[in-house]
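# Next input, structure requested:
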Amino acid sequence: MQSNSRGLAAVMTLAGLALMGLVAGCGGDEGSNTPMGTGGSGGSGGMGGAGGGEPACGNGVVEGTEACDDGNTVVGDGCENDCSFSCNNASPATGDAKCDDGDPCNGAETCGDKHACEPGTNAPDGSDCGAGKVCNAGVCVDDTCGDGFASPSEECDDGNIENGDGCDSCKFSCVTGDPTRDCSGIDPCVGSVCDDATHTCGNPLGDGQVCAMDSVCVNGACTSIVCGDGVVDAGEECDDGNVVDGDGCQANCTLPPAASVCGNGVRETGEQCDDSNTKNLDGCDSACQFEQIQRATWLKMQFGTDAVFCTANRLGSAISSAAQGQLQTSLDDGVLNGSISIMFKTLGLNDLSGTSDPSIELGVLQGKPVIPMGAMYNGTADLDWWYTVDPLSVDANRNPLDKLTGFISAKTLTAGPGKLSIGVNFAGAPGALRMSNARLTMSVGAVSTPLASTGNTPGHLAAENLDPALQSYASNGQPNDNGAGKLCGNVSAASLDQIPVPADLIAGGSIACGQGYTAQNSLLDVIVGGCTVFGIVMVITPTQPDQADLSVPVAGAGGPYTLTVNGMTKAVSGCRDMNNQTVDVNTCLNAATYSSFFKFATGRVIAK
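Take a look at the predicted model:
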């Protein structure tokens, strides 16, 4: 009995220990690695004790009421910082409806497979988004004419507010069958029929066709019938397309008087002079008419702009105040000593008083004064002085190569636009500025009787047989800032490249540029590269061309052009077009231009 009792007691003892171990294992820390039955530090707490705690969001374990736990507390990644789904594509209440912000321009946002909101697809630019607005790059913006989006309230929108290009104020420029928008209101020489594809006026009348009463088309414009248009109209005896005398049809479109023979040395009916020849530029032209020629006696380069006539001046603005005085002094000296002799011949002038003339041509000449030994010459006061014409500025008939079409009205002469060259001298560096889109205006001065020569300059020789009663205007413009004539034009980079750099600016010069230019450099190199003197004074600001000559071949995609400089030689060696693409540098230099502005006054002279 005793041995059996001991055995039973042992069995009961082992069972009790096992039960205690099980209880201890259930009451311990669920995160503990302590083997079941050994208790562990959390065993004494039992269930709900210090070892249990609340679920911890962000520990990577989905616990308790957590819908998710991605191990972080980042917002918007599918599992929020409270361990709830950012959106739930299985539940309409928290799925796409929760993601979609209701903006029609950025599309409908949806809930993705990873419970994160995915962006929608932008509506096409120009889509209506309500309240008079349209979509633009996914954003609802105000709809304005000229933004490039044709909204329901607009017939068209070409991205600008220019008229005449097919879309005017976001309405078609012209519409076939719409009397309020046809082509009858424009110049018929430009267009007369609406093109339904482009909504622009086309099918213009050709040159010489009648476009209005006493008017015909000339160069694409309805123009009053005038002498020199190449069409013999009512009241004209002839019209050879110019207003030059001596070619069989006089400048007023009348035939030369039958009784007059120009060049016989006798002034006859219709002749203002007769010098026994039919040569131009000798005081009496090839048709025995007085030659009205003016020379610049006052020339000022401008460094700013004019609010009305010359609104751009890139070339002048490149010259800093530190250099303006020296540059202007060189121009003044050139005019004074005659090395700068810019002359204008008025062709087809019927009114020598300069009061009114509807059609003239202004020819531009270069030359130099005739200065006999012992004569006192002053280029600022040279009335009827003799000037030898540069043969490079005239054609075989000694007519100016550069001519601007113009007119005189109320004692004001206006000419251009066109091309011309003017000879200048920049601080000892002579050269010619070739201008495109050149325009000028100047007041016409009082008339006077031309001076008579005693055998030498100044004055007209007796052999010219000049009508003694003849008078002509003696000046243009006034030698002051307010009364001077104005000349605007775009100077080609190629012509600046032909002018040497002023000697004062090269190494060893009195105001040598720190950039290290040499005698091999050009004025263009200095304008593009700039000039700094003494390391601190900016004499010439590095400046790029701002205009383009549209009458010459275009380089690449066209201007504005950017000129680049060789770092070793400091010379312009490359060019980029408006799209920043490299283009042929020679083509570019001919096309690239700098806007410029000059003021001037002139006096009457005699060409020889």
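# what number of residues lie near residue 543?
Residue 543 sits with 18 neighbouring residues when counted by other C-beta atoms under 10 Å. The C-beta positions use only the backbone N, C-alpha and C, and glycine is treated the same way.
# Please tell me how far it sits from residue 239.
Relative to residue 239, residue 543 is positioned 46 Å away (C-beta to C-beta, to the nearest Å).
# Residue 526 contacts residue 513, correct?
Yes - with contact defined as C-beta atoms under 8 Å, residue 526 counts as touching residue 513 (6.8 Å).
# which residues are in contact with both of those two?
505, 540 (C-beta atoms under 8 Å, 6 or more residues apart in numbering).
# So which of those two has more stuff around it?
Neighbour tally, residue 526 and residue 513, criterion other C-beta under 10 Å: the higher count belongs to residue 526, 27 against 24.
# Does that one lie in a helix or a strand, and which?
helix 523-529 (DSSP states H and E).
# Residue 322 too?
helix 321-337.
# Mind listing what's buried along that helix?
Using 16 or more other C-beta atoms under 10 Å as the test for burial, helix 321-337 gives 323, 326, 327, 328, 330, 331, 332, 334, 335, 337.
# do stretch 268-278 as well
Neighbour-count burial for stretch 268-278 flags 270, 271, 272, 273, 274, 275, 278 (criterion: 16+ other C-beta under 10 Å).
# Leaving out sequence neighbours, find the closest residue to the second one.
In other words, residue 271. In space, residue 271 comes closest to residue 288 once its chain neighbours are excluded; the distance is 3.9 Å by C-beta to C-beta, 6 or more residues apart in numbering.
# Now do the contacts for the one you found.
Contact analysis of residue 288 by C-beta under 8 Å, 6+ apart lists 245-246, 260, 262-263, 267, 270-275, 278.
# Output stretch 186-198 in PDB with nothing but the alpha carbons.
C-alpha atoms of stretch 186-198 as PDB (Å, rounded to 0.1, in the frame of the first residue of the first chain):
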ATOM      1  CA  ILE A 186     -10.200  95.400 -97.800                       C
ATOM      2  CA  ASP A 187      -7.900  96.600-100.600                       C
ATOM      3  CA  PRO A 188      -9.000  94.500-103.700                       C
ATOM      4  CA  CYS A 189      -5.300  94.400-104.700                       C
ATOM      5  CA  VAL A 190      -4.700  92.300-101.600                       C
ATOM      6  CA  GLY A 191      -7.800  90.100-101.900                       C
ATOM      7  CA  SER A 192     -11.400  90.000-103.000                       C
ATOM      8  CA  VAL A 193     -12.600  86.400-102.300                       C
ATOM      9  CA  CYS A 194     -12.800  84.600 -99.000                       C
ATOM     10  CA  ASP A 195     -10.900  81.400 -98.800                       C
ATOM     11  CA  ASP A 196     -13.100  79.000 -96.800                       C
ATOM     12  CA  ALA A 197     -10.200  76.900 -95.600                       C
ATOM     13  CA  THR A 198      -8.100  79.700 -94.200                       C
END
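# Contacts for that stretch next, please.
By C-beta under 8 Å, 6+ apart, stretch 186-198 touches 166, 174-176, 181-184, 200-205, 207, 209, 211-212, 217-218, 220-222.
# swap in stretch 206-219?
Applying C-beta under 8 Å, 6+ apart, the set of residues contacting stretch 206-219 from outside is 187-189, 204-205, 220, 222-225, 229-231, 233.
# Toward the C-terminus, what is the element adjacent to the helix or strand bottoming out on mean pLDDT in the chain?
The weakest-scoring helix or strand in the chain, judged by mean pLDDT, DSSP states H and E, is helix 2-27 (a mean of 37). Using DSSP H and E, the helix or strand that follows helix 2-27 towards the C-terminus is helix 96-99.
# How far off centre is that following helix?
On the basis of C-alpha atoms, centre = their mean, to the nearest Å, helix 96-99 sits 50 Å off its chain's mean C-alpha point.
# cool, and stretch 448-462?
48 Å.
# So for it, what gets flagged as buried?
Under the neighbour-count criterion of 16+ other C-beta under 10 Å, stretch 448-462 has 450, 451, 453, 457, 458, 459, 460, 461 buried.
# Greatest separation within these: which pair is it?
Spatially, the most separated pair among the buried residues of stretch 448-462 is 450 and 457, at 12.8 Å (C-beta to C-beta).
# Please parse this structure into its domains.
With domains defined by automatic domain parsing, the chain comprises 64-143, 293-484+598-607.
# Of those domains, which stretch is the most buried?
Among these, domain 293-484+598-607 has the highest mean neighbour count (mean count of other C-beta atoms under 10 Å), at a mean of 19.
# show me where pLDDT drops low in the protein?
1-53, 234-235, 246, 257-259 (pLDDT under 70).
# Kindly recompute the last result at 50.
Within the chain, the stretches with pLDDT under 50 are 1-51.
# follow-up on the earlier one: okay if I get the buried residues of stretch 448-462 as JSON lines plus secondary structure?
Below are those laid out as JSON lines (DSSP: H, G, I helix; E, B strand; the rest coil):
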{"residue": "450", "secondary structure": "coil"}
{"residue": "451", "secondary structure": "coil"}
{"residue": "453", "secondary structure": "coil"}
{"residue": "457", "secondary structure": "coil"}
{"residue": "458", "secondary structure": "coil"}
{"residue": "459", "secondary structure": "coil"}
{"residue": "460", "secondary structure": "strand"}
{"residue": "461", "secondary structure": "coil"}
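# In this structure residue 85 contacts residue 70, no?
No - Residue 85 is not in contact with residue 70 according to C-beta under 8 Å; the separation is 10.4 Å.
# For the stretch 501-608 of the chain, just list every one of the helices.
Taking DSSP state H, counting those that start in this stretch as the test, the helices found in the stretch 501-608 of the chain are 523-529, 585-591.
# if you compare those helices, which one is most tucked away?
Comparing the helices of the stretch 501-608 of the chain by mean count of other C-beta under 10 Å gives helix 523-529 as most buried, with a mean of 25.
# quick one: contacts for residue 563?
Going by C-beta under 8 Å, 6+ apart, residue 563 touches 493, 524, 528, 544, 545, 572, 574, 575, 588, 589, 592.
# Spatially, which two of the residues you listed are the most separated?
Longest span within those, C-beta to C-beta: 545 and 574, 13.6 Å.
# who's more crowded, those two?
The neighbour comparison of residue 545 against residue 574 (other C-beta under 10 Å) goes to residue 545, with 29 against 14.
# which non-adjacent residue is nearest residue 147?
Using C-beta to C-beta, 6+ apart, the closest residue to residue 147 is residue 157 (6.4 Å).
# my guess is that neighbour meets residue 165, correct?
No - if you go by C-beta under 8 Å, residue 157 and residue 165 don't touch, sitting 11.9 Å apart.
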